[in-house]
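Q: how would this look folded up:
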Amino acid sequence: MTALQSNDWPGNIRALRNLVAQLAMAGTGKQISAAEVRAELSNERSSSHTSVTLPLGNLENMEEQMIINALERTGGHRAQAAEQLGISRRTLSRKLREYGN
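A: Okay, the predicted model is just below:
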């Protein structure tokens, strides 16, 4: 929280939301470390005119991408992926059916 609060966020809450979403999608655990936040913030400062690399689209598209990333990180192990995402295995299976995966 301190790393996030120390940033200026020049009048744009979307930048904060995008950063948190990007960190959540890239993370491997249940928590995002201060080091990960600082590293991402320094990457943004060094590439001041580059856009944040988030999947385009709506919340469902982002959710689907997070599920796919979790499955890739766990080698396709659904129970582990569900645990990383903080959802039940049953919810994960339902979401995969909805997305046609």
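Q: elements contacting the helix or strand of the chain with the lowest mean pLDDT?
A: Each helix and strand of the chain was given a mean pLDDT (mean pLDDT, DSSP states H and E); the minimum falls on helix 34-46 at a mean of 75. Applying 3 or more CB pairs under 8 Å, 6 or more residues apart in numbering; DSSP states H and E, one finds that helix 34-46 contacts helix 2-5, helix 13-26. Placement of C-beta: from N, CA and C, glycine included.
Q: which ones are touching Arg78?
A: 71, 89, 92-93 (CB atoms under 8 Å, 6 or more residues apart in numbering).
Q: what do you get if the cut-off is 6 Å, keeping everything else the same?
A: Residues in contact with Arg78, defined by CB atoms under 6 Å, 6 or more residues apart in numbering, are 89, 92.
Q: which elements pack onto the helix or strand hosting Leu96?
A: Leu96 belongs to helix 89-99 when elements are defined using DSSP states H and E. For helix 89-99, the packing partners by 3 or more CB pairs under 6 Å, 6 or more residues apart in numbering; DSSP states H and E come out as helix 78-85.
Q: could you rerun that using 8 Å?
A: Of the remaining helices and strands, those touching helix 89-99 by 3+ CB pairs under 8 Å, 6+ apart are helix 59-73, helix 78-85.
Q: ok and the first one relative to helix 89-99, angle-wise?
A: With axes from the mean of the first three to the mean of the last three CA atoms, to 10 degrees defining the directions, helix 59-73 sits at 120 degrees from helix 89-99.
Q: helix 59-73 to helix 13-26, inter-axis angle?
A: An angle of 30 degrees separates the directions of helix 59-73 and helix 13-26 when computed by the same axes, to 10 degrees.
Q: repeat that for the shortest one.
A: Following the same axes, to 10 degrees, one obtains 150 degrees for the angle between helix 78-85 and helix 13-26.
Q: quick thing: my sequence starts at 118, can you match it?
A: Yes, from this point I'll number from 118; that puts the last item at helix 195-202.
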